[in-house]
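# Please work out how this folds:
(one chain, ligands or ions: 1)
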Amino acid sequence: MAKVAFLGLGVMGYPMAGHLKTKGGHEVTVYNRTGAKAEKWVAQFGGKSAPTPKQAAEGQDFVMCCVGNDDDLRQVTLGPDGAFAAMKKGTIFVDHTTASAEIARDLYKAGQERGFDVIDAPVSGGQAGAENGVLTVMCGGDAEAFARAEKVIAAYARACNLMGAPGAGQLAKMVNQICIAGLVQGLSEGLHFAKKAGLDIEKLIATISKGAAQSWQMENRYKTMAEGQFDFGFAVDWMRKDLGICMAEARRNGAHLPVTALVDQFYSDVQAMGGKRWDTSSLIARLDRF
Ligand code: NAP
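Residues are numbered from 1 along each chain as shown. Predicted structure coming up:
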């Protein structure tokens with residue numbers, strides 16, 4: 001059992017922090033910018049809440065975090081009431097935000113200067129993965145710190161792997177998002193075509209999902225995509241944030257991402273159609289307009 005703080009009780013952070021308490025048996029202190037959510041969490045799970053990241057981080061062995069983007073992350077770590085001002089030597093900061101590799105490296109360096117470790121640990125598996133405690137976690141950082149952090153992360157992970165040096169977890173998550181972007185567009189075009197062709201969608205998917213076209217997106221999203229329902233998790237606004245991070249990194253490392261760049265533009269169409277909070281499978285909605 002460890003003393004653990006969790007910063008950011010959003011769609012992902014709220015259930016993740018809950019697993020630390022119920023499954024991990026840890027002593028948990030939570031911080032959330034909107035205090036009401038922290039109070040709700042404490043009423044549901046027990047534990048304690050703190051009014052600032054700095055106060056939450058005081059005296060902890062681990063500080064976990066899951067906020068929105070690079071700016072939010074900078075604020076809760078290095079800001080005036082940030083966690084880094086209170087973290088003891090020898091402790092570990094684990095960041096589950098999907099952010100840039102650059103900030104992951106900056107935070108690692110800031111941690112080293114202060115005598116504690118930082119692991120970038122973005123997740124995949126969505127809201128359901130967080131609620132069921134079966135997330136995939138991609139980590140970057142030092143092996144020894146990872147070995148200690150992995151035992152705590154286990155409370156909400158099905159798979160947790162060290163991908164390499166600081167920032168490598170974020171780079172792995174970028175690959176994950178690049179793969180999803182092109183795939184969802186392909187699936188959208190397939191389903192759109194199938195409707196125009198008058199095929200029986202159930203029969204079609206039951207058949208082709210047993211062959212080479214099979215994917216998680218096909219098996220889990222074909223039905224709702226065909227019915228124009230897009231209320232199943234990861235929002236288009238978040239996806240555009242992630243694709244922006246991928247393309248900025250590609251400018252640095254020289255990778256060519258033509259389809260990713262195009263799909264990012266397609267998602268901007270979806271936003272203009274009112275779909276900012278629709279889930280990522282809503283790419284089909286731009287095709288089905290015609
Ligand atoms: P969310 O529901 O919007 O929650 C964001 C959390 O961050 C909230 O607790 C929010 O506090 C807090 N926050 C944001 N800006 C802050 C700031 N400047 N200072 C302090 N706290 C701040 O988001 P989410 O869906 O949990 O996603 C969190 C991260 O996980 C994102 O990086 C996202 O890309 C990634 N992710 C999400 C999913 C998914 O399916 N949702 C899947 C994989 C990865 P308030 O409550 O006060 O707003």
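# Any chance you could note which residues of the stretch 1-150 of the chain sit beside the ligand?
8-13, 32-34, 37, 66-68, 72, 75-76, 97-98, 123-124, 126-127 (CB under 6 Å from any ligand atom). Yep, even glycine has a C-beta here, placed from its N, CA and C like the rest.
# Run through this protein and note the low-pLDDT ranges.
Judged against pLDDT under 70, the chain has no low-scoring part.
# quick one, helices of it?
Taking DSSP state H to define them, one finds helices in the chain at 13-22, 35-45, 53-57, 70-78, 101-114, 126-132, 143-153, 168-196, 201-208, 216-226, 236-253, 258-272, 283-288.
# Could you dump these into TSV with mean neighbour count and distance to residue 159 added?
Compiled in TSV, the helices of the chain are given as follows (neighbours: other CB atoms under 10 Å; distance: least, CB to CB, whole Å):
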stretch	mean neighbour count	distance to residue 159
helix 13-22	24	15
helix 35-45	15	24
helix 53-57	24	27
helix 70-78	19	23
helix 101-114	19	19
helix 126-132	17	10
helix 143-153	17	10
helix 168-196	20	12
helix 201-208	14	27
helix 216-226	17	14
helix 236-253	17	20
helix 258-272	16	24
helix 283-288	20	27
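# so what's the residue in the stretch 1-150 of the chain positioned nearest to the ligand up against?
Across the stretch 1-150 of the chain, no residue is closer to the ligand than residue 10, which sits at 1.8 Å (CB to the nearest ligand atom). Residues counted as contacts of residue 10 (CB atoms under 8 Å, 6 or more residues apart in numbering) are 66, 67, 68.
# these two touch, right, the last one and residue 95?
No - checked against CB atoms under 8 Å, the pair residue 68 and residue 95 is beyond contact range at 12.0 Å.
# From the neighbour counts alone, determine which of these two ranks first.
Taking other CB atoms under 10 Å, residue 68 and residue 95 do not tie; residue 95 has more neighbours (30 against 15).
# what sits opposite the more buried one in the beta ladder?
Note on residue 95: beta-bridge partners residue 65, residue 120, judged by DSSP bridges.
# Verify the contact between it and residue 107 for me.
Yes - using CB under 8 Å, residue 95 makes contact with residue 107 at a distance of 6.8 Å.
# can you list residues touching both of these two?
73, 118, 120.
# Tell me how many other residues surround residue 209.
Other residues close to residue 209 by other CB under 10 Å number 13.
# Could you double-check that it lies in contact with residue 216?
No - the criterion here is CB under 8 Å, and residue 209 misses it with residue 216 at 10.5 Å.
# and the residue minimising distance to the centre of the chain, how far is that from residue 173?
Per CA atoms, centre = their mean, the C-alpha nearest to the average position across the chain is that of residue 123, at 4.4 Å. Using CB to CB, to the nearest Å, residue 123 is found at 8 Å from residue 173.
# Quick check: neighbours shared by those two?
By the contact definition CB under 8 Å, 6+ apart, residue 123 and residue 173 are jointly contacted by 98, 138.
# how far away is residue 205 from residue 142?
45 Å.
# try residue 106
16 Å.
# Ok, residue 257 next?
Residue 257 is 30 Å from residue 142, by CB to CB.
# Same question for residue 248.
From residue 248 to residue 142 the distance is 25 Å (CB to CB).
# Quick check: can you name the pairing partners of the lengthiest strand in the chain and their directions?
Ranked by residue count under DSSP state E, the longest strand found in the chain is strand 157-164. In the sheet, strand 157-164 lines up against strand 135-140 (parallel) (DSSP bridges).
# what separates the partner strand from the chain centre, distance-wise?
Chain-centre distance of strand 135-140: 9 Å, with CA atoms, centre = their mean, to the nearest Å.
# Give me the buried positions along that strand.
By 16 or more other CB atoms under 10 Å, the buried positions in strand 135-140 come out as 135, 136, 137, 138, 139, 140.
# Reformat those residues as CSV; add distance to residue 90.
Listed next are the buried residues of strand 135-140 as CSV, based on distance: CB to CB, whole Å:
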residue, distance to residue 90
135, 26
136, 28
137, 22
138, 24
139, 19
140, 20
